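**Student:** I'll drop the sequence and a predicted model, then ask my questions.
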Amino acid sequence: MKLQHLRPHPLLKGYVSKMWVFESNGRVPVEDMKLIVPNGMVKLTIPFKNGVSAQNKEFFQLSKESSIILIGIGDIPTKIELEYDAPSGNIGIEFSPLGAYRIFQVKQSELRNKVFLLEDVFGKPAKELREIIANTESVEGKIQIIESYLIKLLKRSQNDAILDYCINEINASKGLIAIDHLAHKTGYSNRWIYEKFIEKVGISPKSFSSVIRFMQFYEQWAKNPDYNLLKDNLYNFFYDQAHFIKEFNRFTGLSPLKFAKSENEFGKIFYKN
């Protein structure tokens, strides 16, 4: 497996969190879980070589080569598999919550835990985009085309200053800030903040905070195989060990100890660099 991280276009800074090109010679070994955990990001992927399937407890989606796939924000794990045991290539883009609602102006909760063909959501313009990218030979050319498309969408939208403040505060606190505190600081009710998150982030502020807290541990584990998921600083983020285990199981489907003993090199690779 080979993962190349890319620098997003300057106009997408702050809206696109990560871009990459992932390539492999074939399917990941069967003992690998091939598990993608929730990280609070909407994703766009373009399998330019080989198709790819995604499955969780709510859906199964097989996306053919050269399709453009929109993956909604999730709060459950998803397993990925190549369509054929053959060489593959995939362009991936992760959007910050600030960028997802600006670029994809749809009710984000309708995308939650689901995978769509971009043209099924945005119709003819997205179908034409797919055809242009499919007929572009170089990977660099494909990336330039998709970036230009995203910039056009971004320029048509406006930011929601109150929502942006709440998202930034949750991120800055690593998921520890209370929603009551956000309501006090903004002057808006808990209900208003909840509905705004459902519409423009896709999950509640409480669930979003839970994902952010979980990622403090998952990213460290992915980068360092010797990292102890049950180390003392978990009490800075969770009430107790039982609370941490419950949340970890929610986002991975396994207890921390079982997860640490399992193979998931595919899932780790996206956090190593």
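**Tutor:** Okay, I see it.
**Student:** quick one: low-confidence ranges for the stretch 51-200 of the chain?
**Tutor:** Residues of the stretch 51-200 of the chain meeting the criterion pLDDT under 70: none.
**Student:** what ranges do the helices span in this protein?
**Tutor:** In the chain, the helices defined using DSSP state H lie at 97-103, 118-122, 124-134, 139-155, 161-172, 179-186, 190-200, 205-223, 241-252, 256-261, 265-268.
**Student:** Against which helices or strands is the last one packed?
**Tutor:** Contacting helix 265-268 under the criterion 3 or more CB pairs under 8 Å, 6 or more residues apart in numbering; DSSP states H and E are the following elements: strand 35-36, helix 205-223. All C-beta spots, glycine's among them, are computed from the backbone N, C-alpha and C.
**Student:** can you put these in a markdown table and add mean pLDDT and distance to Leu163?
**Tutor:** Putting the helices and strands packed on helix 265-268 into a markdown table (pLDDT from 0 to 100; distance: least, CB to CB, whole Å) gives the following:
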| stretch | mean pLDDT | distance to Leu163 |
| --- | --- | --- |
| strand 35-36 | 89 | 25 |
| helix 205-223 | 90 | 10 |
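**Student:** how about the spatially closest residue to Asn50 that is not a sequence neighbour, what does it touch?
**Tutor:** In space, and not counting its chain neighbours, Asn50 is closest to Ser88: 3.7 Å by CB to CB, 6 or more residues apart in numbering. Residues counted as contacts of Ser88 (CB atoms under 8 Å, 6 or more residues apart in numbering) are Phe22, Glu23, Ser24, Gly26, Pro47, Lys49, Asn50, Val52, Leu82.
**Student:** switch to 7 Å and redo it
**Tutor:** Ser88 is in contact with Glu23, Ser24, Pro47, Lys49, Asn50, Leu82, counting by CB atoms under 7 Å, 6 or more residues apart in numbering.
**Student:** Return a PyMOL selection command for the buried portion of those residues.
**Tutor:** To isolate the buried members of the contacts of Ser88 in PyMOL, using 16 or more other CB atoms under 10 Å:
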select buried, resi 23+24+47+50+82
